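**Student:** Mind folding the following:
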Amino acid sequence: MSRALVVIPTYNEIENIERLLRNVFSLQRPFHVLVVDDGSPDGTATAVRTLMKEFPEALHLLERTEKGGLGTAYIAGFQWALARPYEYIFEMDADFSHNPNDLIRLYNACKRDGAHMAIGSRYVTGVNVVNWPMSRVLLSWLASKYVRWVTRMDIYDTTAGFVCYQRKVLERINLNKIQFVGYAFQIEMKFKTYLAKFKIVEVPVIFTDRTRGESKMSGGIISEAIFGVIKMKLKSMFGSNNFNEI
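**Tutor:** All right, here's what the predicted structure looks like:
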């Protein structure tokens, strides 16, 4: 059994999911995959179920009845993983914005180099983003700078969604206390990892915008990140001293 599980949330990713899964399963290092599908009407879950016959040990599906937000999908996936003996748990987008080949580099950062959280970083060596309009690149880059300034985390890509966790990190974080479901979920997970004094490293990756399917980004998601990070920081400063209550 592989000790590494990749959690991939999906909603209407029929154009990408089979190709992505075949890419992951073709890697030299074996990975298991858990697809968390939020009731996609386009048949994404059906496509995954079909592939499960071909990859019965490695591919798993967790179906939810409705779209509940990125954060809750990942939390459901993390809890599924923690109920099983996985040691390295990844989060990854379904749209090929994250290169499957980089899974091995994130794994090595944790397994070989001792990181507790390895972040696939767009900004640690400059700006490595392909096919985004300049306005979106600037918004994302400034958002990470803003979060870094508010939280004081020494992380260049604070909003990255391509991450490897050692199991102990997810066991330490109280997943039931995670507040944010959208863009700010990524920030909150890094902030709680930082507060727990785990070793965090950034692995430079090239982020490529999706070429198939539709983006899930919205104004409400960005607003949650902007205002949520202030609330999160203040709570850590003036709230409970118990880490699990942060």
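**Student:** any idea how far residue 21 lies from residue 181?
**Tutor:** The spacing between residue 21 and residue 181, counted by Cβ to Cβ, to the nearest Å, is 25 Å. (Glycine included, C-beta is placed from N, CA and C.)
**Student:** State the mean pLDDT of stretch 97-110.
**Tutor:** This predicted structure assigns stretch 97-110 an average pLDDT of 97.
**Student:** Looking at residue 21 and residue 181, which has the bigger crowd around it?
**Tutor:** Looking at residue 21 and residue 181 with other Cβ atoms under 10 Å, you find the greater number of neighbours at residue 21, namely 24 against 18.
**Student:** Read off the pLDDT value for the more buried one.
**Tutor:** We have a pLDDT of 98 for residue 21.
**Student:** Quick check: it vs residue 13, distance?
**Tutor:** Taking Cβ to Cβ as the measure, residue 21 falls 10 Å from residue 13.
**Student:** tell me, what's touching the two both at once?
**Tutor:** Counting by Cβ atoms under 8 Å, 6 or more residues apart in numbering, residue 21 and residue 13 have no contacts in common.
**Student:** tell me which residues of stretch 62-81 are tucked away?
**Tutor:** 62, 64, 67-78, 80-81 (16 or more other Cβ atoms under 10 Å).
**Student:** Tell me the one among those residues nearest to residue 161.
**Tutor:** Nearest to residue 161, judged by Cβ to Cβ, of these is residue 70 at 7.9 Å.
**Student:** Tell me the pLDDT of the closest one.
**Tutor:** On pLDDT, residue 70 comes in at 90.
**Student:** Checking residue 137 next. Helix, strand or coil?
**Tutor:** Judged by DSSP: H, G, I helix; E, B strand; the rest coil, the three-state class of residue 137 is helix.
**Student:** Contacts only, for it.
**Tutor:** Counting by Cβ under 8 Å, 6+ apart, residue 137 makes contact with 127, 129.
**Student:** Could you report the distance from it to residue 100?
**Tutor:** Using Cβ to Cβ, one obtains 23 Å as the distance from residue 137 to residue 100.
**Student:** do the same with residue 114
**Tutor:** Residue 114 sits 24 Å away from residue 100, taking Cβ to Cβ as the criterion.
**Student:** Compare the two (neighbour count), which wins?
**Tutor:** Set side by side, residue 114 and residue 100 show more neighbours around residue 100, with 19 against 10, by other Cβ under 10 Å.
**Student:** how far is stretch 75-90 from where the chain is centred?
**Tutor:** 13 Å (Cα atoms, centre = their mean, to the nearest Å).
**Student:** Using PDB, list the CA coordinates for it.
**Tutor:** Provided in PDB are the C-alpha atoms of stretch 75-90 (Å, rounded to 0.1, in the frame of the first residue of the first chain):
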ATOM      1  CA  ILE A  75     -11.300  18.500   5.500                       C
ATOM      2  CA  ALA A  76     -13.500  15.600   4.500                       C
ATOM      3  CA  GLY A  77     -10.600  14.200   2.500                       C
ATOM      4  CA  PHE A  78      -8.100  14.700   5.300                       C
ATOM      5  CA  GLN A  79     -10.400  13.000   7.800                       C
ATOM      6  CA  TRP A  80     -10.800  10.100   5.400                       C
ATOM      7  CA  ALA A  81      -7.000   9.800   5.100                       C
ATOM      8  CA  LEU A  82      -6.400  10.000   8.900                       C
ATOM      9  CA  ALA A  83      -8.800   7.000   9.300                       C
ATOM     10  CA  ARG A  84      -6.300   5.000   7.300                       C
ATOM     11  CA  PRO A  85      -2.500   4.500   7.600                       C
ATOM     12  CA  TYR A  86      -1.300   7.300   5.200                       C
ATOM     13  CA  GLU A  87       1.800   9.200   6.300                       C
ATOM     14  CA  TYR A  88       1.900  11.900   3.500                       C
ATOM     15  CA  ILE A  89      -1.300  13.600   2.500                       C
ATOM     16  CA  PHE A  90      -1.500  16.000  -0.400                       C
END
